[in-house]
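1. I would like the atomic coordinates for the input below:
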Amino acid sequence: MLKAHSELYKVPLDKIPTNGYITKMMTQGIDSQSSSYSTYTPIALIQGRFHTEKIRDSLTATIMKNFAGLSPINQDDLKKYLNHMFSELMNNVSDHSHSDIGGYAMAQYYPQHKKVQFAIADKGCGFLENIQAKYPNITTEEDAILKAMERAVTASKNIVYGQTRNMGYGLYTLETILNATHGKMIIISNDKMMKLENGKKSVLDLSTNWEGVVVAFEFLEEHTEYEFETIQRRWLEEGSEEEEEDFFL
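-> Got it, this is the predicted structure:
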């Protein structure tokens, strides 16, 4: 959030109250080969889909270094989880945020708590403006966030090189994964924040308007053994009868 704010308003880094940890993240690019990045990634700039795969692979590779003790099967499942979740968030920021500065993302592993966190922020239009284009009866950021998480608005298809490509099911799949892995998520859209915890959603008012979207999630290492294909079948089967446009910001 600091990075996105500073880029939009051209705030020099020395004017932002930071410590050495934050400064290193904000100044080092995703291409850095420093061995010190063992548990976290430098903040990556998301500008269009053309380089999100490279960024996703870099983020996933950094996090996977901390799971060497998992069995090969569980490592493969975890890698699929991370690739899917990172891709969904970064691609949809590119597709829907309308952010002049793009988006900024990073991932981190916390050894003491044995958990993974990922966060992405943009300074775009937020959920409501996009959702209203298709659902004009939705009039608040809260309702827009909750609508975007429904199954009926998560499946989308695009035509790429003359072929239909399934882009993923957006927020619905993320919620499904996080519920299965006992994870948590927050979504900020302008003046509202949605929290997902223990399978339940709550929406809070923000005292300060963010002017854009922030999404962050976390899950614990001890709950990563759920087979990816099994949980993928769950959302594919549940969504097979209804396929509409993906709304994720």
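2. residue ranges with poor pLDDT in this protein?
-> Applying pLDDT under 70 to the chain flags the ranges 29-37, 152-169, 225-226, 238-249.
3. ok, longest helix in it?
-> In the chain, with assignment by DSSP state H, the single longest helix is helix 72-96.
4. gap between the two ends of stretch 131-144?
-> End-to-end distance for stretch 131-144, by Cα to Cα, to the nearest Å: 6 Å.
5. and after the longest helix of the chain, which helix or strand comes next?
-> strand 103-110 (DSSP states H and E).
6. ok, and the closest non-adjacent residue to the most centrally placed residue in the chain?
-> Taking Cα atoms, centre = their mean as the criterion, Leu89 is the residue nearest the geometric centre of the chain, at 3.6 Å. Excluding the flanking residues, the one nearest Leu89 by Cβ to Cβ, 6 or more residues apart in numbering is Ile120, at 5.0 Å. Glycine gets a C-beta too; all of them are placed from N, C-alpha and C.
7. isn't the one you found right up against Met90?
-> Yes - here Ile120 reaches Met90: they are 6.6 Å apart, a contact under Cβ atoms under 8 Å.
8. touching both of those two, which residues are there?
-> 46, 103, 105 (Cβ atoms under 8 Å, 6 or more residues apart in numbering).
9. for the first one, phi and psi?
-> Dihedral angles of Ile46 (phi, psi; degrees, to the nearest 10) stand at phi -100, psi 110.
10. contacts only, for it.
-> Taking Cβ under 8 Å, 6+ apart, one finds 52, 55, 90, 93-94, 102-105, 120, 122 in contact with Ile46.
11. how about the last one?
-> With contact taken as Cβ under 8 Å, 6+ apart, Ala105 is in contact with 43-44, 46, 55, 59, 86, 89-90, 93, 118-121.
12. tell me the one of those residues nearest Thr181?
-> Distance ranking of the contacts of Ala105 against Thr181, using Cβ to Cβ, places Phe118 first at 12.8 Å.
13. tell me the secondary structure for that closest one?
-> Secondary structure, DSSP: H, G, I helix; E, B strand; the rest coil: Phe118 is strand.
14. surely Asp77 meets Thr230?
-> No - Asp77 is beyond contact range of Thr230, at 9.3 Å (criterion: Cβ under 8 Å).
15. so those two - more neighbours on which side?
-> In terms of neighbours (other Cβ atoms under 10 Å), Asp77 is the more surrounded of Asp77 and Thr230; the figures are 20 against 10.
16. which non-adjacent residue is nearest the more buried one?
-> Asp77's closest residue in space is Phe228 (Cβ to Cβ, 6+ apart), at 4.6 Å.
17. what about Lys200, how many residues close to it?
-> 8.
18. which residue ranges form the strands in the chain?
-> Counting by DSSP state E, the chain has strands at residues 44-46, 103-110, 115-122, 157-160, 163-166, 184-189, 192-197, 200-205, 213-220.
19. and of those strands, who's closest to Gln132?
-> strand 184-189 (12.5 Å).
20. got the angle for that closest one vs strand 213-220?
-> Put simply, strand 184-189 runs at 180 degrees to strand 213-220, going by axes from the mean of the first three to the mean of the last three Cα atoms, to 10 degrees.
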